[in-house]
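Q: here is a sequence with its predicted model. Questions after.
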Amino acid sequence: MSGAALNPDSWLSQPAHLTWLADEGLRLLPFARRAQVEQGFAALDAEGRIAEGAVAELIHTTRMTHCFALAHIQGLPGYAALVDHGLAALRGALWDETHGGWFSDATRSGGKSAYLHAFVALAASSARVAGRPAAQALLDDAIGIIERHFWSEEEGALRESFSADWRDEEAYRGANSNMHATEAFLALADVSGDTRWLQRALRIAERLIHRHAAARGHVVLEHFDAQWQALPEYNAERRADPFRPYGSTPGHAFEWARLLLHLQAALTQAGCAAPDWLLADARGLFARACAQAWQADGAPGLVYSLDWRQQPVVRARLHWVHAEAVAAAAALLQRTGEALYEQWYRQFWAFIDAHFIDLRGGSWHHELDSDNRPAASIWPGKPDLYHAYQALLLPRLALAPSLATALAADVTRQ
């Protein structure tokens, strides 16, 4: 699907802005390289150091492998070896050779979560596009595990988590894991040519967004029981949980808005029916999140979470929320050409530039307090490259195909 014609004055049409995006992406990468440890990639502190005794974690290993694959696709030297290091970890220290699937970290303990396995599929697909030799075997493993354990054809969504031996299933369904599955499925469709992944992504989006979120005025419901009954009081005692916070999470509304547009474009490009509600719901999610989360407590920025009266719960400003907000604004601007999204796009970048980008210490601050000062109550350190790096790449590319494939096509055209 081709986007709308952009105003010549749009930042997305300005060579200087596009160069700024590229330069900021290049600035982030050397900081992130420091995350390499023997068995994968681990969390970095605010100065870009690895804590003594740190172990490789699946979340960082998958996300770094994905991002370094994107860097390699762009022709940046030195990143192929990092992709290969991540692939080796995902087929070695983090892989459960007894039961299949991936451990959450190199201690090889705990259960198996859909959220983390979606990132394995994303990393494998990006490495496949990057042409890394070990990628196809990992991709085959990831698809096999998703098919065998997580995807529920009956539900049209992913089951959430299991014990390490797959015998015990958590009686919970989560929007976050299914949102990242939607992202991964778009990538799987590109690398496999199998439109079944697009249809699965559409079923997830229809359940969580068109059915549940749209019915609540485009507020994303995050937590459900195993029968998909909403759990609005889930984690009421752990309101600042970094993965399953209480209430609504505006950052996920932005992320969903962008993914709906990618899905619509991918379906159209594949010759499949692309429902009109994908664009309508993307607009609704973005509008509601902006209206209720921006300056929700009187200060600039987007708050982390809101209660069901749309009052701030956790007032911290997280970098990933703002990265997803600017990426969603760019996607809606590309899709519609409307000035409203240009205004938000510029406003979000202005805030990121003023408060999150850390030119002295490197990378971006991951968290700010309610006075927009660096903080660490939810996200200590600077372990994440994924959200910021994607926010710098996505505005430069078409809505489909998915990021790695689009980058490869863009490089080929140049």
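A: It's in.
Q: residue ranges with poor pLDDT in the chain?
A: 1-2, 411-414 (pLDDT under 70).
Q: what ranges does it have for its helices?
A: 15-33, 58-73, 80-90, 114-129, 135-145, 175-192, 196-205, 250-269, 277-293, 319-336, 339-351, 386-393, 403-413 (DSSP state H).
Q: convert the first one to PDB, retaining C-alpha atoms only.
A: Spelled out, that is helix 15-33. Taking C-alpha atoms only, helix 15-33 is exported to PDB below (Å, rounded to 0.1, in the frame of the first residue of the first chain):
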ATOM      1  CA  PRO A  15      17.000  15.500   3.700                       C
ATOM      2  CA  ALA A  16      18.500  17.100   6.800                       C
ATOM      3  CA  HIS A  17      16.000  15.400   9.100                       C
ATOM      4  CA  LEU A  18      16.500  12.100   7.500                       C
ATOM      5  CA  THR A  19      20.200  12.500   7.900                       C
ATOM      6  CA  TRP A  20      19.700  13.400  11.500                       C
ATOM      7  CA  LEU A  21      17.800  10.200  12.000                       C
ATOM      8  CA  ALA A  22      20.500   8.200  10.400                       C
ATOM      9  CA  ASP A  23      23.300   9.900  12.400                       C
ATOM     10  CA  GLU A  24      21.500   9.400  15.700                       C
ATOM     11  CA  GLY A  25      21.100   5.700  14.900                       C
ATOM     12  CA  LEU A  26      24.800   5.500  14.200                       C
ATOM     13  CA  ARG A  27      25.500   7.200  17.500                       C
ATOM     14  CA  LEU A  28      23.500   4.600  19.400                       C
ATOM     15  CA  LEU A  29      25.200   1.500  18.000                       C
ATOM     16  CA  PRO A  30      28.700   1.700  19.600                       C
ATOM     17  CA  PHE A  31      27.200   2.100  23.100                       C
ATOM     18  CA  ALA A  32      25.000  -1.000  22.500                       C
ATOM     19  CA  ARG A  33      28.000  -3.100  21.400                       C
END
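Q: if I look at residue 329, how far off is residue 335?
A: Distance, residue 329 to residue 335, by C-beta to C-beta, to the nearest Å: 11 Å. Placement of C-beta: from N, CA and C, glycine included.
Q: ok, back up a step: can you put the helices of the chain in CSV and add mean neighbour count and distance to residue 242?
A: Output for the helices of the chain, formatted as CSV (neighbours: other C-beta atoms under 10 Å; distance: least, C-beta to C-beta, whole Å):
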stretch, mean neighbour count, distance to residue 242
helix 15-33, 15, 19
helix 58-73, 28, 10
helix 80-90, 22, 22
helix 114-129, 27, 11
helix 135-145, 19, 24
helix 175-192, 25, 10
helix 196-205, 22, 22
helix 250-269, 26, 11
helix 277-293, 21, 17
helix 319-336, 26, 10
helix 339-351, 18, 21
helix 386-393, 23, 13
helix 403-413, 17, 23
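Q: which among the ones you listed is found nearest to residue 169?
A: Nearest of those to residue 169, taken as C-beta to C-beta: helix 114-129 at 10.8 Å.
Q: still on that earlier bit, would you list the helices of the chain in CSV and tack on distance to residue 50?
A: CSV is the format used below for the helices of the chain (distance: least, C-beta to C-beta, whole Å):
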stretch, distance to residue 50
helix 15-33, 11
helix 58-73, 11
helix 80-90, 14
helix 114-129, 20
helix 135-145, 24
helix 175-192, 25
helix 196-205, 35
helix 250-269, 27
helix 277-293, 33
helix 319-336, 20
helix 339-351, 30
helix 386-393, 18
helix 403-413, 27
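Q: for residue 212, find the nearest of those.
A: Across the helices of the chain, residue 212 has its closest neighbour in helix 175-192 (8.2 Å, C-beta to C-beta).
Q: now do the closest one and helix 403-413, the angle between them.
A: 40 degrees (axes from the mean of the first three to the mean of the last three C-alpha atoms, to 10 degrees).
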